[in-house]
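Undergrad: structure, please.
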Amino acid sequence: MRFRIAASSAALAGLLAIGAAVPAQADDHSAPRDQATYGQEYAAAAGVGAFVTAGDRVHFSHTVRGSINAHGWWKRLSGPATTAKVTVWLQVKNGSGWTTLTKGVKTVRSGGGSGKRTPAAWKCTNLIERHSFRSVIDVDLVGYPDQDNKKITDTVTLYCGT
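TA: Coordinates of the predicted model:
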């Protein structure tokens, strides 16, 4: 019995030593995410820290019938910034390019959720025409230098006339 415990302890100690020598890797699966939510991590300017730019796919509104929405937000990972101006462009595919239908701009605190995100909404002219939509999200930390990084959400096809 003592031999098994000693062997198990030695094996465990060996695994721990190997684990300590191998560099840690981020596990993207540590927190469950909605499939419609996308984030992109950015390191802000020197000394400002880091944050995640996030948003959801363009989707039909749950509160305004016949309208589509897109939302953008940010999550602070490190640094002193507490608010950011979040801009969301709701776009439709037009031939080989994209046309902005509407833009939403709001200064919000880190987090997401209804009070901590910027909406962009568009009223469909009809629900027969099929179009491809996406959103583009820009986060500018209030009081700190800006980078040109923007998050582009996946394209979705919806029956929404423009």
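
Undergrad: now do the residue nearest the centre of the chain, the pLDDT please.
TA: Nearest to the mean C-alpha position of the chain, counting by CA atoms, centre = their mean, stands Ala54 at 1.8 Å. Per-residue confidence for Ala54 comes out at a pLDDT of 95.

Undergrad: how about the strand or helix carrying it as PDB, C-alpha atoms only?
TA: Per DSSP states H and E: Ala54 is located in strand 50-56. The C-alpha coordinates for strand 50-56 follow below in PDB (Å, rounded to 0.1, in the frame of the first residue of the first chain):
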ATOM      1  CA  ALA A  50      -5.800  46.000 -22.800                       C
ATOM      2  CA  PHE A  51      -9.500  45.500 -23.700                       C
ATOM      3  CA  VAL A  52     -11.800  43.400 -25.800                       C
ATOM      4  CA  THR A  53     -13.900  44.800 -28.500                       C
ATOM      5  CA  ALA A  54     -17.100  42.800 -28.800                       C
ATOM      6  CA  GLY A  55     -20.500  42.700 -30.500                       C
ATOM      7  CA  ASP A  56     -23.300  40.600 -31.700                       C
END
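
Undergrad: who are the packing partners of the helix or strand just after that strand?
TA: The helix or strand immediately downstream of strand 50-56 is strand 59-60, counting by DSSP H and E. For strand 59-60, the elements it packs on are strand 67-78, strand 156-159, judged by 3 or more CB pairs under 8 Å, 6 or more residues apart in numbering; DSSP states H and E. Glycine gets a C-beta too; all of them are placed from N, C-alpha and C.

Undergrad: pairing partners for strand 59-60, with directions?
TA: strand 67-78 (antiparallel) (DSSP bridges).

Undergrad: please save the CA atoms from the strand it pairs with in PDB.
TA: The C-alpha coordinates for strand 67-78 follow below in PDB (Å, rounded to 0.1, in the frame of the first residue of the first chain):
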ATOM      1  CA  SER A  67     -36.300  46.200 -37.400                       C
ATOM      2  CA  ILE A  68     -32.800  44.800 -37.300                       C
ATOM      3  CA  ASN A  69     -30.200  45.600 -34.600                       C
ATOM      4  CA  ALA A  70     -26.500  45.300 -34.000                       C
ATOM      5  CA  HIS A  71     -24.800  46.000 -30.700                       C
ATOM      6  CA  GLY A  72     -21.200  46.800 -29.700                       C
ATOM      7  CA  TRP A  73     -19.400  46.900 -26.400                       C
ATOM      8  CA  TRP A  74     -16.100  46.600 -24.700                       C
ATOM      9  CA  LYS A  75     -14.600  44.700 -21.800                       C
ATOM     10  CA  ARG A  76     -11.500  46.100 -19.900                       C
ATOM     11  CA  LEU A  77      -8.900  43.400 -19.200                       C
ATOM     12  CA  SER A  78      -6.300  45.800 -17.600                       C
END
